[in-house]
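*Asks:* Fold the following for me, if possible:
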Amino acid sequence: QAAQFVTGERVKTKADLNIRSSPSLSGTLLGVQSQGALGTIVSGPVTADLYTWWNVNFDTGADGWAVENYLTSTAFNFSLGNGGNRSVTQGQSVSNSITATLSPGTSQSISFSASGLPTGAAVAFVPTSCNPTCSSTMGIATLTSTPTGTYTITVTGTAGSVVRTTSFALTVSASITGGNTYYVNQSCGNVSTYNPATKSCTGGTTTVRNTLNGGIALLKSGETLIVEQGTYAECPTQVSYTLQVPSGPSSSNPTTIMGRSNAERFTIRPNAGGCEYVISIRERSNIAFRNFVVDTRGIPVGLISNSAISLGKTDNLLFENCELIGRNRYGIGTTQGTFSGVKSEEDRPEKIGTHFVTIRNCSIHDWGTGDSQAVLHHGFYYSGSDSVIENNEIYNNSGFGITFYANYCQGTGNTTCANRNVFRNNYVHDNGDTGLYMAQGKEVKAYNNVIVNNGSVGVIFGGFGGSTLFNNTIVGNGTGLALSNAGSSAIKNNIVH
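*Replies:* Numbers count the residues shown, from 1 in each chain. As a prediction, the model looks like this:
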């Protein structure tokens, strides 16, 4: 371990401190230096009587051996901190507070800089420099073309040779385009005088509803519904298993339901009427859900008989910044025997055709926990194709973390489902059975995932040809990697043990 001080370093006392003739509690007491006394290290360290001792030449008063615990350097040093993770919509700005704390020494000027910004983003600090302990407001401005995603922003504070950093995550969400924007706020009645800037139910001109279903009923193609933070004890209205949200005009102009920001998500909990699926979409396209939670913990038996999200014959859907929380299942019958956080249903020919779904920055956990047949119940149960599942945490599900499954593609030879999916940058851990099942589907790619501590197998890999498994960390599972029909697929650069 490196020594606390070096010869010639300036120090001061942190409390009244005994000075002795030798580095020992039995050394002659030469005097007492008061708190804040300044001196210079002459020699040391020496360990004796369970203490580390330094020989100090003080500016005034007694010189001699002092215990390290009560000395601190006067050399300039500081630490950096920030106000936490931030979210921003394309074309908008967001700020964070950067705090520099002096520890210890005489304060010096610190200048700030930043790295890791997404393309098209600009940063400014106000003030650009300060003397700690102090703070600066960091502003980040994005363009409408700034790529969506989550970025690690590193702020650097520099004072001569002393350099310190602090980091936070910046999530860039797609901009709101298209037609009208409506709001849901539980504190408001069904009025049309909402002020979004102040969240006031009076003094504005924006249409607002006080229930989730009331807000959904307002939506037309390409419009946006912003749901203020709160818990909505209702099942979104569905007709023929389809949430009544109209398709958007295009993938770049979706119909959108979203919380105000990633930090202000809204929560859906089924009400007394119950629902088979919380969010179910059939034969719809170009729809985005952002910044939301589905929480089924403690829901009585019978109020949910299947999944948080269920998809069938859909395309160009986005689920971003979400949390899907499961609950115990006590013998409830479910479609095809599954109980999942996310499910795409391709079990009949008329349902086949879920494509181009993105599920990003979500936490999916605790699905099927406590069920006597829990091995069938998974975080993801996915038969769709051409989809991207990225930057998610998938854990503590009683069955698989995620399964790409094609056996229910009846009448199609099981070859039209679960193809060309990308599974990347996910953290899959502590699931009861398998972390990642990708033994079906064609041209599936799984890379840069961390798959650890799953009860049975880390990854079951194979499929119907052309799949790749690379750059993954697969550690601490019952079995690391199991192969199934993997002859025409590729495995490379994985850590498995």
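
*Asks:* Which pLDDT value does the model give the closest residue to Thr13 other than its chain neighbours?
*Replies:* In this structure, Thr13 finds its nearest non-sequential neighbour in Ala37, 4.7 Å apart by Cβ to Cβ, 6 or more residues apart in numbering. (Glycine included, C-beta is placed from N, CA and C.) The model reports Ala37 with a pLDDT of 94.

*Asks:* show me what contacts Ala37?
*Replies:* By Cβ atoms under 8 Å, 6 or more residues apart in numbering, the contact set of Ala37 is Lys12, Thr13, Leu17, Phe58, Asp59, Thr60, Gly61.

*Asks:* Just give me the neighbour total for Leu102.
*Replies:* 17 (other Cβ atoms under 10 Å).

*Asks:* okay, which residue is most central for this protein?
*Replies:* The chain has Asn361 as the residue nearest its centroid, 5.5 Å off, counting by Cα atoms, centre = their mean.

*Asks:* which helices and strands does whichever strand or helix holds Ala66 pack with?
*Replies:* Using DSSP states H and E, Ala66 sits within strand 64-67. Packing contacts for strand 64-67, counted by 3 or more Cβ pairs under 8 Å, 6 or more residues apart in numbering; DSSP states H and E, involve strand 17-20, strand 29-33, strand 51-58.

*Asks:* hmm, try it at 7 Å
*Replies:* Counting by 3 or more Cβ pairs under 7 Å, 6 or more residues apart in numbering; DSSP states H and E, the packing neighbours recorded for strand 64-67 are strand 17-20, strand 51-58.

*Asks:* ok so, going back, thought the residue nearest to the centre of the chain was touching Leu318?
*Replies:* No - when contacts are counted by Cβ atoms under 7 Å, Asn361 is not listed as touching Leu318 (10.7 Å).

*Asks:* Distance-wise, check Asn22 relative to Asn494.
*Replies:* Quick fix: residue 22 is Ser, not Asn. Ser22 sits 59 Å away from Asn494, taking Cβ to Cβ, to the nearest Å as the criterion.

*Asks:* more crowded one of these two?
*Replies:* Using other Cβ under 10 Å, the more surrounded residue of Ser22 and Asn494 is Asn494, with 20 against 14.

*Asks:* Contact partners for the more buried one?
*Replies:* With contacts defined as Cβ atoms under 7 Å, 6 or more residues apart in numbering, Asn494 is in contact with Leu469, Phe470, Asn471, Asn472, Ile474.

*Asks:* Turn those residues into TSV, including neighbour count, pLDDT and secondary structure.
*Replies:* TSV is the format used below for the contacts of Asn494 (neighbours: other Cβ atoms under 10 Å; pLDDT from 0 to 100; DSSP: H, G, I helix; E, B strand; the rest coil):
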residue	neighbour count	pLDDT	secondary structure
Leu469	28	94	strand
Phe470	13	95	strand
Asn471	14	95	coil
Asn472	27	95	coil
Ile474	25	96	strand
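
*Asks:* possible to save those as a markdown table with distance to Trp54?
*Replies:* Shown next, in a markdown table, are the contacts of Asn494 (distance: Cβ to Cβ, whole Å):
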| residue | distance to Trp54 |
| --- | --- |
| Leu469 | 56 |
| Phe470 | 53 |
| Asn471 | 49 |
| Asn472 | 50 |
| Ile474 | 49 |
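
*Asks:* okay, now Gly157: neighbour count?
*Replies:* 23.

*Asks:* Residues in a beta bridge with it, which ones?
*Replies:* For Gly157, the beta-bridge partners are Phe112, Arg164 (DSSP bridges).

*Asks:* between the helices and strands packed on strand 64-67, which gets nearest to Phe464?
*Replies:* Nearest of those to Phe464, taken as Cβ to Cβ: strand 51-58 at 65.8 Å.

*Asks:* Direction included, what does that closest one pair up with?
*Replies:* Strand 51-58 has these strand partners (DSSP bridges): strand 38-48 (antiparallel), strand 64-67 (antiparallel).

*Asks:* Keeping just the C-alphas, turn the shortest one into PDB.
*Replies:* Right, strand 64-67. Provided in PDB are the C-alpha atoms of strand 64-67 (Å, rounded to 0.1, in the frame of the first residue of the first chain):
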ATOM      1  CA  GLY A  64       8.800  15.000  16.500                       C
ATOM      2  CA  TRP A  65       6.800  11.900  15.800                       C
ATOM      3  CA  ALA A  66       3.000  12.100  15.200                       C
ATOM      4  CA  VAL A  67       0.300   9.600  14.400                       C
END
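
*Asks:* Poorly predicted segments of the stretch 201-350 of the chain, please.
*Replies:* 239-242, 271-274, 276, 300-306, 327-350 (pLDDT under 70).

*Asks:* so where do the helices sit in it?
*Replies:* 212-216 (DSSP state H, counting those that start in this stretch).

*Asks:* Quick one, grab the pLDDT at Phe380.
*Replies:* pLDDT at Phe380 comes out at 84.

*Asks:* Count the neighbours of it for me.
*Replies:* Phe380: 30 neighbours (other Cβ under 10 Å).

*Asks:* Could you export the helices and strands packed on strand 64-67 as JSON lines, including distance to Ile287?
*Replies:* Listed next are the helices and strands packed on strand 64-67 as JSON lines, based on distance: least, Cβ to Cβ, whole Å:
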{"stretch": "strand 17-20", "distance to Ile287": "69"}
{"stretch": "strand 51-58", "distance to Ile287": "64"}
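
*Asks:* Show me which of the contacts of Ala37 are buried.
*Replies:* Buried by 16 or more other Cβ atoms under 10 Å: Lys12, Thr13, Leu17, Phe58, out of the contacts of Ala37.

*Asks:* Between those, which sits nearest Val67?
*Replies:* For the buried ones among the contacts of Ala37, the minimum distance to Val67 (Cβ to Cβ) is 7.2 Å, reached by Leu17.
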